[in-house]
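In: Curious how this folds, go ahead:
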Amino acid sequence: MPRSKKSKARGGEKHPEAEGKTQSCGGAQAIAAAAEEESTTSSLQCKDTTQSLPGAESCSTPKEPRRGPTIATTAVFSRRTRLSEAFNSQHEHTVFAYEVPPFTETPGSNCLTRKASLLEQLLLYKYNMKQLIMKEDILKIIHRSHHDQFAEIVKRASERIELIFAVDLKEVDSVVPCYNLVSKLKLPNNGRVRAGRGLPKTGLLMNLLGMIFLKGNCAAEEDIWKYLGTMRVYAGRKHFIYGEPRKLITKDLVRLKYLEYRQVANSDPPRYEFLWGPKAHLETSKMKVLEFLAKVNDAVPSDFPAYYEEALRDEEEKAQGMDAARPDTTVKVNTPPKDTLSITTPPMVKYVKFFPPDKKI
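Out: Here you go, the predicted structure:
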């Protein structure tokens, strides 16, 4: 091979260390680049945006009528965006692609919608890389022309992530403003179940707890898998977020005591069912799970009267149990009989008047 070709070939090879350093920031750079590109077009569409959120109606999505009170799992649809390169890697443990319900875009509302979508990608990328989310990075995504709408854009992105992954965006440092996505349940590794990178499994667990609750606090295994099929989660088929679902549900979450997996009594051939585990009872409640399911369905818990009443009874029972378990701290004072009660008066104080030594009395 000629010398020039060899030198070019060597120059094109990446050193493993250099590749590792660039991999962690490549996704964020791609997102930022897409945000910069998007801002040049969306700024024209939202040119007349006012300086305060209440008046920025031209860039807000109008409220849709509330859907009927039917509980259903989070619908998961495939969505391809130009940011896909930020969520792909040669290594299996750093695959960031995920599927979420698409934003509903209407004419005149694309401005905040697109910004929230870009921010959503950044939040999940940072979570997966186990990095804090700096406010300055968020501002880069939003672009300076929309900084006055920071709170609204962050609210939209964080609410969608909450509905899908059951994690909350929380500020962890106010001195150097930064945020983190925090799991609603105390799963290991902040919702990842196992050590390492990955997206949270809390959303799947909350859906499972909800399904068990709706099935009378005990759900047959076949019903669970039928339910998960609506989320495109199938037993024996590796999922890009949850890995091998059967292992996660029947092994990991059972080992962590969030689920109980037992054989149905006297079943032949053997059948199995799921119940809430002790950790689930400790860290959440029927009311919180119902609130999560209701929010997914753009409703409120009271829209489902039977389940709402059961959740209220559960709250009352837990409160009574806590009161019963609380030690009695009442101080009992033994009061002497009335006829022996004596009143102690303070001792009389004698006041002595002092005169200066040189003064004659």
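In: got the contact list for residue 162?
Out: With contacts defined as Cβ atoms under 8 Å, 6 or more residues apart in numbering, the neighbours of residue 162 are 168-169, 295. C-beta here means a position set from N, CA and C on the backbone, and glycine is covered the same way.
In: Pull out the buried residues from those.
Out: With neighbours counted using 16 or more other Cβ atoms under 10 Å, the contacts of residue 162 contain these buried positions: 168-169.
In: Among the contacts of residue 162, which are located in strands?
Out: Cross-referencing the contacts of residue 162 with the strands (criterion: DSSP state E) gives 168-169 as the overlap.
In: Which of the contacts of residue 162 sits closest to residue 327?
Out: residue 168 (32.8 Å; Cβ to Cβ).
In: and the closest residue in space to residue 237 that isn't next to it in sequence, how far is that from residue 217?
Out: The spatially closest residue to residue 237, leaving aside those adjacent along the chain, is residue 245, at 7.5 Å (Cβ to Cβ, 6 or more residues apart in numbering). Distance of residue 245 to residue 217, computed by Cβ to Cβ, to the nearest Å: 22 Å.
In: Could you do residue 234 as well?
Out: Remark: distance between residue 234 and residue 217 (Cβ to Cβ) = 25 Å.
In: Over to residue 125?
Out: With the distance defined as Cβ to Cβ, residue 125 ends up 38 Å from residue 217.
In: more crowded one of those two?
Out: Between residue 125 and residue 217, counting by other Cβ atoms under 10 Å, residue 125 is the more crowded of the two (21 against 12).
In: Residue 319: how many residues sit nearby?
Out: Close neighbours of residue 319, defined as other Cβ under 10 Å, add up to 10.
In: One more: residue 293?
Out: By other Cβ under 10 Å, the residues close to residue 293 number 24.
In: how about the strands in the stretch 51-200 of the chain?
Out: If DSSP state E, counting those that start in this stretch is used as the criterion, the strands of the stretch 51-200 of the chain fall at 133-134, 167-173, 178-183.
In: Can you tell me the strand partners of the last one and which way each runs?
Out: Spelled out, that is strand 178-183. Here the strand partners of strand 178-183, with direction, are listed using DSSP bridges: strand 133-134 (antiparallel), strand 167-173 (antiparallel).
In: tell me the most buried of these?
Out: When you average the neighbours per residue for each of the strands paired with strand 178-183 (mean count of other Cβ atoms under 10 Å), strand 133-134 leads with a mean of 18.
In: who's in contact with it?
Out: With Cβ under 8 Å, 6+ apart as the criterion, strand 133-134 contacts 122-123, 126-127, 169, 176-181.
In: okay, now the domains of this structure?
Out: According to automatic domain parsing, the chain comprises the domains 21-60+69-183, 202-325.
In: List just the one of the ones you listed that sits closest to residue 196.
Out: Comparing those by their distance to residue 196 (Cβ to Cβ), the top pick is domain 21-60+69-183, with 6.2 Å.
In: average pLDDT for that closest one?
Out: Averaging pLDDT along domain 21-60+69-183 yields 65.
In: what about residue 157, how many residues close to it?
Out: Residue 157 sits with 26 neighbouring residues when counted by other Cβ under 10 Å.
In: May I have the residues that are in contact with it?
Out: Each residue near residue 157 by Cβ under 8 Å, 6+ apart is listed here: 116-117, 119-120, 123, 169.
In: ok, these vs residue 140, which is closest?
Out: The closest of the contacts of residue 157 to residue 140 turns out to be residue 119 (Cβ to Cβ; 10.2 Å).
In: Quick check: nearest residue in space to that closest one, chain neighbours excluded?
Out: residue 157 is the one closest to residue 119 (Cβ to Cβ, 6+ apart), at 4.1 Å.
In: separation between that neighbour and residue 223?
Out: From residue 157 over to residue 223 the distance is 33 Å, taken as Cβ to Cβ.
In: do residue 275 as well
Out: In this structure, residue 275 and residue 223 are separated by 13 Å, where distance is defined by Cβ to Cβ.
In: repeat for residue 155
Out: Taking Cβ to Cβ, one finds residue 155 at 35 Å from residue 223.
In: what do you get for residue 246?
Out: From residue 246 over to residue 223 the distance is 15 Å, taken as Cβ to Cβ.
In: Quick one: the strands in the stretch 251-361 of the chain, in order.
Out: In order along the chain, the stretch 251-361 of the chain carries the following strands (DSSP E, counting those that start in this stretch): 259-263, 272-276.
In: In CSV, list those along with distance to residue 150 and mean neighbour count.
Out: As requested, these are exported to CSV (distance: least, Cβ to Cβ, whole Å; neighbours: other Cβ atoms under 10 Å):
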stretch, distance to residue 150, mean neighbour count
strand 259-263, 39, 15
strand 272-276, 39, 19
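In: just for the stretch 251-361 of the chain, where's the confidence low?
Out: Low-confidence segments of the stretch 251-361 of the chain, defined by pLDDT under 70, are located at 328-361.
In: those helices in it, which residues are they?
Out: Taking DSSP state H, counting those that start in this stretch, the helices of the stretch 251-361 of the chain run over residues 253-255, 278-283, 286-296, 305-325.
In: quick revisit: tabulate the strands of the stretch 51-200 of the chain (TSV), appending distance to residue 256.
Out: Output for the strands of the stretch 51-200 of the chain, formatted as TSV (distance: least, Cβ to Cβ, whole Å):
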stretch	distance to residue 256
strand 133-134	26
strand 167-173	17
strand 178-183	12
